[in-house]
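Engineer: Next one to model:
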Amino acid sequence: MRNPFALPSMPPWVERPTPLGRATKGLALAIICVLVLYPFVLAIGTSLAPADELIKHGGWVLVPDRPTLEAYRVLLSGGVVTRAAMVTVGITVCGTAISMVATIMLAYGLSRSGSAGSKPIVLMILGTFLFTPGIIPGYLMVKQLGLLDTYGALILPVALNAFNVIVVRQFFMNVPGELLDAARMDGAGDLTILRRVILPLSKAVIAVVGLFYAVGYWNAFFNAMLYVQSDKYPLQMILRSYIIEAGQMNGGDLGLAKLPPDQAIKMAVLVIAVGPIICVYPFLQKYFVKGVLTGAIKG
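Structural biologist: Sure thing, here's the model as predicted:
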């Protein structure tokens, strides 16, 4: 007979895992880490390998015996890759700053009750999830605005992201109204409230949205392919062109008479293109879950 005073058993996902369960999870996590890290380590190892090792191992080297930075020295000594890297850094910094200012200002205005036209504007923003402009209308708009073959064409058409606006708006709506009322009683205006009350409480969502924008600008290549000429290409466009052309880039493209092995150059460009974002992400990872979930679920 069942004891009526016995405590109910906990669900399986709440109970303390068994030693076998912990070992299985650890093994699965280790396998996943190896599968994720192996391509990056292989790309770095190949970029550091000299020509004879690449020939010996069929073009791929995991850990070179005699690592060399020749490929990186060649790429960063001048020419198209250096120029493209500078373009990408400039677009990422300026574009992220513009996008963050626009997103924060719009989200704050839409988060305040009683704002004129807030509901129609929110509906319009939500409508962009369902109806997106095509390539031809986007190209015609950029052309009419006189942005063709300018750096503005790489920033302004994507300066505002609807998803990021909604996330930041929901986060701002969760700020206690008592704090805003107290600030208004002290004579603070909207800009002062936003700068001294809202933003200090929203560091998590600001960091996450800023990371989203920075990654988007850093990895973008499609708008560059449509709107600008080759002298304004960002780094990702150079990487795409080089990979598609299967190593047909010559020393003249890089401003050099002699190149290291093609595979080393290709992997070095890949590392330069993805390395900075990978290095920045761990510093913002702690804000990621808090910022997205709090901004997207509550409200």
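
Engineer: So, low pLDDT: which residues of the stretch 1-150 of the chain?
Structural biologist: Of all residues in the stretch 1-150 of the chain, those with pLDDT under 70 make up the ranges 1-15.

Engineer: distance of the residue most central in space within the chain from Gly95?
Structural biologist: For the chain, the residue nearest the mean C-alpha position is Val215 (1.9 Å; C-alpha atoms, centre = their mean). According to C-beta to C-beta, to the nearest Å, Val215 and Gly95 sit 11 Å apart. C-betas here are computed from N, CA, C, even on glycine.

Engineer: How about Ser77?
Structural biologist: Ser77 is 27 Å from Gly95, by C-beta to C-beta.

Engineer: Please say which of those two ends up with more neighbours.
Structural biologist: Here Ser77 and Gly95 are compared on neighbour count by other C-beta atoms under 10 Å; more neighbours surround Gly95, at 23 against 12.

Engineer: and whichever helix or strand that one is part of, what other elements does it pack with?
Structural biologist: Using DSSP states H and E, Gly95 sits in helix 80-111. With contacts defined as 3 or more C-beta pairs under 8 Å, 6 or more residues apart in numbering; DSSP states H and E, the packing partners of helix 80-111 are helix 118-127, helix 162-173, helix 203-219, helix 235-244, helix 262-297.

Engineer: And it, what's buried?
Structural biologist: 80-85, 87-88, 91-92, 95-96, 98-100, 103-104, 106-111 (16 or more other C-beta atoms under 10 Å).

Engineer: ok now it, how far from the chain's centre?
Structural biologist: Mean C-alpha position of helix 80-111 versus that of the full chain (C-alpha atoms, centre = their mean, to the nearest Å) differs by 11 Å.

Engineer: quick check: angle from that helix to helix 235-244?
Structural biologist: 130 degrees (axes from the mean of the first three to the mean of the last three C-alpha atoms, to 10 degrees).

Engineer: could you give the angle of helix 80-111 to helix 162-173?
Structural biologist: 50 degrees.

Engineer: Helix 80-111 vs helix 118-127, what angle?
Structural biologist: Counting by the same axes, to 10 degrees, helix 80-111 lies at 140 degrees to helix 118-127.

Engineer: Compute the inter-axis angle for helix 80-111 and helix 203-219.
Structural biologist: Going by the same axes, to 10 degrees, helix 80-111 makes 140 degrees with helix 203-219.

Engineer: Could you find the closest non-adjacent residue to the residue nearest to the centre of the chain?
Structural biologist: Ile277 (5.7 Å; C-beta to C-beta, 6 or more residues apart in numbering).

Engineer: Verify the stated contact: the one you found with Ala214.
Structural biologist: Yes: between Ile277 and Ala214 there is a contact at 7.3 Å, judged by C-beta atoms under 8 Å.

Engineer: Those two - which one has more neighbours?
Structural biologist: Between Ile277 and Ala214, counted using other C-beta under 10 Å, Ala214 has the larger neighbour count: 22 against 14.

Engineer: Now do the same contact list for the more buried one.
Structural biologist: Residues near Ala214 by C-beta atoms under 8 Å, 6 or more residues apart in numbering: Thr92, Thr96, Ile277, Val280.

Engineer: what do you get for Phe172?
Structural biologist: Ala107, Tyr108, Ser111, Ile198, Ser202.

Engineer: so what's it closest to, chain neighbours aside?
Structural biologist: Closest to Phe172 by C-beta to C-beta, 6+ apart is Ser111, at 3.9 Å.

Engineer: Now do the same for Val289: its pLDDT.
Structural biologist: Confidence at Val289, expressed as pLDDT, is 60.

Engineer: what pLDDT, on average, does stretch 202-216 get?
Structural biologist: 88.

Engineer: Please spell out which residues along it are buried.
Structural biologist: Buried residues in stretch 202-216 (16+ other C-beta under 10 Å): 202, 204-214, 216.

Engineer: Against Ser202, how distant is Phe40?
Structural biologist: Distance from Phe40 to Ser202, counting by C-beta to C-beta: 32 Å.

Engineer: err, Leu147, not the other one
Structural biologist: Taking C-beta to C-beta, one finds Leu147 at 31 Å from Ser202.

Engineer: for the helix or strand Ile55 falls within, packing partners?
Structural biologist: Per DSSP H and E: Ile55 is located in helix 51-56. Helices and strands touching helix 51-56, by 3+ C-beta pairs under 8 Å, 6+ apart, are helix 262-297.

Engineer: at 10 Å instead, please
Structural biologist: Counting contacts by 3 or more C-beta pairs under 10 Å, 6 or more residues apart in numbering; DSSP states H and E, helix 51-56 is packed against helix 19-48, helix 262-297.
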